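> What follows is a predicted structure for the sequence shown.
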Amino acid sequence: MTKMKAQLSVFFEEPFWIGIYERMEGKQIEVCKITFGSEPKDYEVYGFLNENWTNFKFSPAVPGTEWEERRINPKRMQRQIAHQLQNPAVSTKAQQALKILQEENKTERKMKSRLKKEAAKERQFEIRQQKKKEKHKGR
């Protein structure tokens, strides 16, 4: 039985509000970056997660450290939450996973644009060939 943990951090990164959704299962970390426009309210974030969680594109799994679940004193938890709110930081494992996802998207985008250019060149070639044939039809 593997345990799973998820964490969402929302912070302001000029000019948009960004959400980093980290999903940890065992020793694997997967990350998804969500871009919000203006500052989202808590209920808007919750509603967005409920509606769109199936459409999130997560990075490939990156090996991380295994986390342990233990009961934390409620006052300590409040202090930790207040500390996290003051210093919203993304873990380095999450940054690595986001970088991998960004590189994958970049190569995919390059491949698509290359295929588009080749298709356009082929189409132009076919048009030129058709025009040549039409010119010589009367001879």
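It's in.
> List the contacts of residue 21.
Neighbour list for residue 21: 6, 7, 8, 31, 32, 33, 34, 49, 56 [criterion: C-beta atoms under 8 Å, 6 or more residues apart in numbering]. Placement of C-beta: from N, CA and C, glycine included.
> So it: helix, strand or coil?
strand (DSSP: H, G, I helix; E, B strand; the rest coil).
> Report the beta-bridge partners for it.
Taking DSSP bridges as the rule, residue 21 bridges to residue 8, residue 32.
> Quickly note the distance from it to residue 135.
With distances taken as C-beta to C-beta, to the nearest Å, residue 21 is found 60 Å from residue 135.
> Only the buried residues of stretch 50-64, if you could.
59, 61, 62, 64 (16 or more other C-beta atoms under 10 Å).
> Can you tell me which helices and strands the host helix or strand of residue 113 packs against?
Assigning secondary structure by DSSP states H and E places residue 113 in helix 92-135. Applying 3 or more C-beta pairs under 8 Å, 6 or more residues apart in numbering; DSSP states H and E, one finds that helix 92-135 contacts strand 16-25, strand 28-36, strand 62-63.
> Tell me which strands the helix-or-strand element of the chain with minimal mean pLDDT pairs with, and in which orientation.
Least confident helix or strand, the chain: strand 62-63 with a mean of 76, by mean pLDDT, DSSP states H and E. If you go by DSSP bridges, strand 62-63 pairs up with strand 28-36 (antiparallel).
> outside of the strand it pairs with, which residues touch it?
10, 16-24, 45, 48, 56-64, 91, 93-94, 97-98, 101.
> Next, the angle strand 16-25 makes with whichever helix or strand comes after that strand.
Sequence-wise, the next helix or strand downstream of strand 28-36 (DSSP H and E) is helix 42-52. Counting by axes from the mean of the first three to the mean of the last three C-alpha atoms, to 10 degrees, helix 42-52 lies at 60 degrees to strand 16-25.
> Pull the distance from helix 42-52 to the chain's centre.
Taking C-alpha atoms, centre = their mean, to the nearest Å, the mean C-alpha location of helix 42-52 is offset from the chain mean by 16 Å.
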